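K.L.:
turn this into a model:
(4 chains)
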Protein chains: 4
Amino acid sequence: MSLPDAFHAIAARVNNWGRWGADDELGTLNLITDEVVRAAVACVGPGRRVPLAVPLRRDGVQTGAIPGRVDPLHAMVQLNQELFGPGTVACSDDVVTMGLQAGTHWDALAHVSHSGRLYNGRPAGTVTAHAGAAFASIAAVRHLVSRGVLLDVARARGTGRLPGGHAVVPEDLEAAEELAGVRVAGGDVVLVRTGQMRLLLAGDRHAYAYPSPGLSIRTPEWFHARDVAAVAADTLTFEIFPPEVADLWLPVHALHLVEMGMPQGQNWNLEELSTACGETGRYAFLLAATPEPFTGGTGAPVAPVAVL
Amino acid sequence: MSLPDAFHAIAARVNNWGRWGADDELGTLNLITDEVVRAAVACVGPGRRVPLAVPLRRDGVQTGAIPGRVDPLHAMVQLNQELFGPGTVACSDDVVTMGLQAGTHWDALAHVSHSGRLYNGRPAGTVTAHAGAAFASIAAVRHLVSRGVLLDVARARGTGRLPGGHAVVPEDLEAAEELAGVRVAGGDVVLVRTGQMRLLLAGDRHAYAYPSPGLSIRTPEWFHARDVAAVAADTLTFEIFPPEVADLWLPVHALHLVEMGMPQGQNWNLEELSTACGETGRYAFLLAATPEPFTGGTGAPVAPVAVL
Amino acid sequence: MSLPDAFHAIAARVNNWGRWGADDELGTLNLITDEVVRAAVACVGPGRRVPLAVPLRRDGVQTGAIPGRVDPLHAMVQLNQELFGPGTVACSDDVVTMGLQAGTHWDALAHVSHSGRLYNGRPAGTVTAHAGAAFASIAAVRHLVSRGVLLDVARARGTGRLPGGHAVVPEDLEAAEELAGVRVAGGDVVLVRTGQMRLLLAGDRHAYAYPSPGLSIRTPEWFHARDVAAVAADTLTFEIFPPEVADLWLPVHALHLVEMGMPQGQNWNLEELSTACGETGRYAFLLAATPEPFTGGTGAPVAPVAVL
Amino acid sequence: MSLPDAFHAIAARVNNWGRWGADDELGTLNLITDEVVRAAVACVGPGRRVPLAVPLRRDGVQTGAIPGRVDPLHAMVQLNQELFGPGTVACSDDVVTMGLQAGTHWDALAHVSHSGRLYNGRPAGTVTAHAGAAFASIAAVRHLVSRGVLLDVARARGTGRLPGGHAVVPEDLEAAEELAGVRVAGGDVVLVRTGQMRLLLAGDRHAYAYPSPGLSIRTPEWFHARDVAAVAADTLTFEIFPPEVADLWLPVHALHLVEMGMPQGQNWNLEELSTACGETGRYAFLLAATPEPFTGGTGAPVAPVAVL
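P.N.:
Here you go, the predicted model:
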């Protein structure tokens, strides 16, 4: 079994291997230039900050369906401990065990491989248990601040939440652009809102996880044409799940991460942002979304904030 | 044994309990208004981004001296796993165990208590093993974007690194202000550079940890007078360690976190920022430094970025 | 609210505080003398070994209902890693995160307190986040080898599995003794079989957890009268759950661990043992069941083996 | 680079692949028959129990030299928590993160591969991050109770501790047999004492780790000739380290685990046992040493107990 021709045809059209050099580990994040950042800063109006992360906690996003991807287990190792003797200043310290992709996160380019290859043609075997991702790990990102654009597909379609079977297609993205009054440009980070997060916020993580609306296999070409730097969504699976094409699992992951070298964000809470953008009419903003720099990490938690 | 009168005298002068209401969990972060954020945005010049976090890895900051505060242990639970059958798209997933205060982090207000009390007079016992910090946990922060000001004390004193026994006093801060050509104002996040991070970057985590230059017990009043929102430093201990006053351990922690309700940052790498500020002459910038929202966390990792 | 008089009346009758000295941390394990061990050895007939632990794995016993008690998360840190260069001997290494009480385990005496006290009257506050249990932790046990006796209550009542609401009473234990042809004696470790484990083995951890048959509040006095060293059962909750007496939660835990100082075992798989005892007619055997010696642990995994 | 001919020559002489069938995962543990267990039981004299595990704690055996093999990190998730309301019975619960090979442990056969093969010729690739060891994991062991024999090499050589450069050779084992007055026989578990543990007990884990006395490459043939079931030692590295033959790293691991299919134990504390055997003159005993049954584990902690 291997990936179908239809996949490879798209892959050929969006492939960025070598575009930024043979040793590049950043992929489309290279598109975030100083100029893009200045444009992002220029978007800020009232100065309102909107956080986009879900809380990191035991009772979080995960259902157990993804093996080993565990919600944060928080535990205490010091509890008002008077380390220097009775009556002295007391400290509390905590430890956590979690899957790096468990909550609101970025996938590193090394998170996915197909046909034995990672982004830029590197062998999949450069990811090891010993060192994690030796190439294109999340630590390579260093900083991720750019212009963010909310493409509120749910709102553009006149609904609070897209149904589970809805594949978000380029026409949806363009309708959302029109609603926003913004044209997605090179270096932008696109936030795609399906409204699926409402299920999680309502306490039903199983319904949130599956079935899920999400990006169609037709969208990578659109993001490629616009030179988007990164895309994040308000779902667990990012792309539509179960997939549009029978037996073609996670094609958007493979196109984005492996072929384009474009990071993906999952489990982003875009509900408060949707409200704020609607209230202010500002759908483009400064987005600060630098992932935690785990050496070798194939992904990392992020606490993104939009500044409107 | 209890805290000395000298401590209580300062505490009385900087105390913010009730200032933002009896239920407030944000403390001085309340000082970051929309207006402050707009001023921060106005500081951005070329659009250069400078990351301030140290890598999160096994071989990180910790020496073992702080019980239970462990560097990240990174391990793999999927390695190019073809979850949907041979030849399909393959994923790698990782898990991590770490102390929330192990790397570049913010202390939550609930991280420290003295005399049985947290910030705003809440009982220390509101931090439990069961739930972590029920009051003033790191998750209360939601977003932390403001104007950042680098006070490069080492540079202002004409050295690359302050010696271990150097207590950073208000006069040092003001000399650094003069060097910067910036006056610290309400809502600012102040980054205090001692140069101690150079020891860690050179591979000597023990020398980095101890002895350490750091903030003097005289500085909380200065930060209070300026209505600073938060302070971060490039050391493990934040304040001078061992302490200036015999047997008075961690007084600055207690004054900032408990009395003022002001978050503290530790293990921030300010070396690249020092160079960038020197090169551009810009010591005030937009700072994005939102902590990971661990429910109940008494601290959290952060991946801060300065935008110059 | 406090514990009812009925509880305190039983507590007074079974209390062992001071029986083995004011500093004793072993409780009823003191009853396992060399002589008892020799008697245990004398029980061995054919030499057949029967393991009593359930597998330690992600998909284990826990349902999430007990906060923080997580099934083992197994992850790899080395995978056929040729540590000394290509072509050399390769090693695989793994790490695990788990609740100490997640699988087949012993509760340490320090696992439970009531009215602010642990076994032998020690303050509950001797258990801290910093050090775990400073008194009567699982590491105090050192070794646990004795005569084991299977009291197969389910079989004695002619059923494969007791219903969820069945409180195992002294009459049940005596009927099982009669079936076994063994009289429980001083220093014995009693294994109480309800058959509830069959639900877990059939894949239904929720039904296994709740509702659960288990020991009645009437049994501690019986164990006390017989000078039993420890008791283990094939259920999650050990005692009947929900409880027999409204609003009296976990009374058997408090009587055994706090009052008597008697360790309890949970999630023991007694199915294969039941078969083996039935086939051989041997219900008394040598039991090797030493818990892992976690310093400060309030419980620990154990891999018990019965030697018939 | 590959393993030298000298290694392969020994490998050919001790290889057990196919001896117990093509699907066998137990290796030499098959040699522990009911008859062997009866003989073990017959060794018990006074009934004295001697524990052989080192405490499991943060400040344990590991120095950081073996990547990812971390000492237990113990943390609290409940601390005298009155789960059912104020005044009710209170519980403390703890979690741990640790390397499965961090303390006193058994290596599973799958812990080591060479030339791409595990025991019984299985591909090394059957160990994955996803599932751990699919073949010959520690969970396959189920029970490990047999006759134990202490070969007190240090004592036989008239010293408390062998020097770091001492390779334990067959002549050492035979001298220790003579001291013991016991002949090692089929199915025995041999415990080899070097006295190196004294360094750890004295608080010097670095000296304990390296350099280390240990088994010579000449010993696997001796164990093979005697049909030993398993071998454990009181050192970190088990075999002499650095190795006897330049650039031939871990040959004994490869011979025992891969070729013979014989489990190895490390970090066993044999000091108290040495004393007990010396006092009683009993060097053969009943040994209960069942590893914790981690599904997929390439090793596991064990709390062994000798019953003299």
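K.L.:
residue in chain A nearest to chain D?
P.N.:
Across chain A, the shortest distance to chain D (C-beta to the nearest C-beta) belongs to residue A:75, at 3.6 Å. (Glycine included, C-beta is placed from N, CA and C.)
K.L.:
secondary structure element for that residue?
P.N.:
Taking DSSP states H and E as the definition, residue A:75 sits inside strand A:73-81.
K.L.:
just checking, what packs against that strand?
P.N.:
Here strand A:73-81 touches strand A:90-99, strand B:127-128, strand D:73-81, strand D:90-99, going by 3 or more C-beta pairs under 8 Å, 6 or more residues apart in numbering or on different chains; DSSP states H and E.
K.L.:
contacting residues for the residue nearest to the spatial centre of chain A?
P.N.:
Closest residue to the average C-alpha location of chain A: residue A:265 at 0.4 Å, with C-alpha atoms, centre = their mean. By C-beta atoms under 8 Å, 6 or more residues apart in numbering or on different chains, the contact set of residue A:265 is A:104-107, A:191, A:230-233, A:238, A:289, A:302, A:304.
K.L.:
quick one: residue A:175 is in a strand?
P.N.:
No: assigned with DSSP: H, G, I helix; E, B strand; the rest coil, residue A:175 falls outside any strand and is helix.
K.L.:
tell me the spacing between it and residue A:155.
P.N.:
From residue A:175 across to residue A:155, the span is 10 Å (C-beta to C-beta, to the nearest Å).
K.L.:
and the residue nearest to residue A:161 when sequence neighbours are not counted, what element?
P.N.:
Nearest residue to residue A:161, sequence neighbours excluded (C-beta to C-beta, 6 or more residues apart in numbering or on different chains): residue A:195, at 3.3 Å. According to DSSP H and E, residue A:195 maps onto no helix or strand at all.
K.L.:
isn't residue A:195 up against residue A:159?
P.N.:
Yes: in terms of C-beta atoms under 8 Å, residue A:195 counts as a neighbour of residue A:159; the distance is 6.9 Å.
K.L.:
have a look at the two and say which one is more surrounded.
P.N.:
Neighbours per residue, other C-beta atoms under 10 Å in any protein chain shown: of residue A:195 and residue A:159, the larger number sits with residue A:195, 23 against 13.
K.L.:
could I get the full set of strands for the stretch 101-250 of chain A?
P.N.:
Listed in chain order, the strands of the stretch 101-250 of chain A (DSSP state E, counting those that start in this stretch) span residues A:105-107, A:112-113, A:127-128, A:132-133, A:145-152, A:167-168, A:189-193, A:214-215, A:230-233.
K.L.:
which of those sits closest to residue A:270?
P.N.:
strand A:189-193 (4.3 Å; C-beta to C-beta).
K.L.:
flag the shaky bits of chain A, pLDDT-wise.
P.N.:
A:1 (pLDDT under 70).
K.L.:
alongside chain D, which residues does it contribute?
P.N.:
With C-beta under 8 Å from any C-beta of the partner chain as the criterion, chain A comes near chain D at residues A:67-68, A:73-77, A:79, A:94-95, A:97, A:129-130.
K.L.:
go with 7 Å
P.N.:
A:67, A:73, A:75-77, A:79, A:95, A:97, A:129-130 (C-beta under 7 Å from any C-beta of the partner chain).
K.L.:
want to throw the residues you listed into JSON lines with neighbour count?
P.N.:
As requested, the residues of chain A next to chain D are arranged in JSON lines below (neighbours: other C-beta atoms under 10 Å in any protein chain shown):
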{"residue": "A:67", "neighbour count": "17"}
{"residue": "A:73", "neighbour count": "23"}
{"residue": "A:75", "neighbour count": "30"}
{"residue": "A:76", "neighbour count": "30"}
{"residue": "A:77", "neighbour count": "27"}
{"residue": "A:79", "neighbour count": "23"}
{"residue": "A:95", "neighbour count": "25"}
{"residue": "A:97", "neighbour count": "27"}
{"residue": "A:129", "neighbour count": "27"}
{"residue": "A:130", "neighbour count": "20"}
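K.L.:
quick one: closest of the helices and strands packed on strand A:73-81 to residue A:124.
P.N.:
Judging the helices and strands packed on strand A:73-81 by C-beta to C-beta, what sits closest to residue A:124 is strand A:90-99, at 19.9 Å.
K.L.:
and the residue of the stretch 101-250 of chain A nearest chain C?
P.N.:
For the stretch 101-250 of chain A, C-beta to the nearest C-beta, closest residue to chain C: residue A:129, 3.8 Å.
K.L.:
that residue reaches residue D:127, doesn't it?
P.N.:
No: using C-beta atoms under 7 Å as the test, residue A:129 is too far from residue D:127 to be in contact (9.4 Å).
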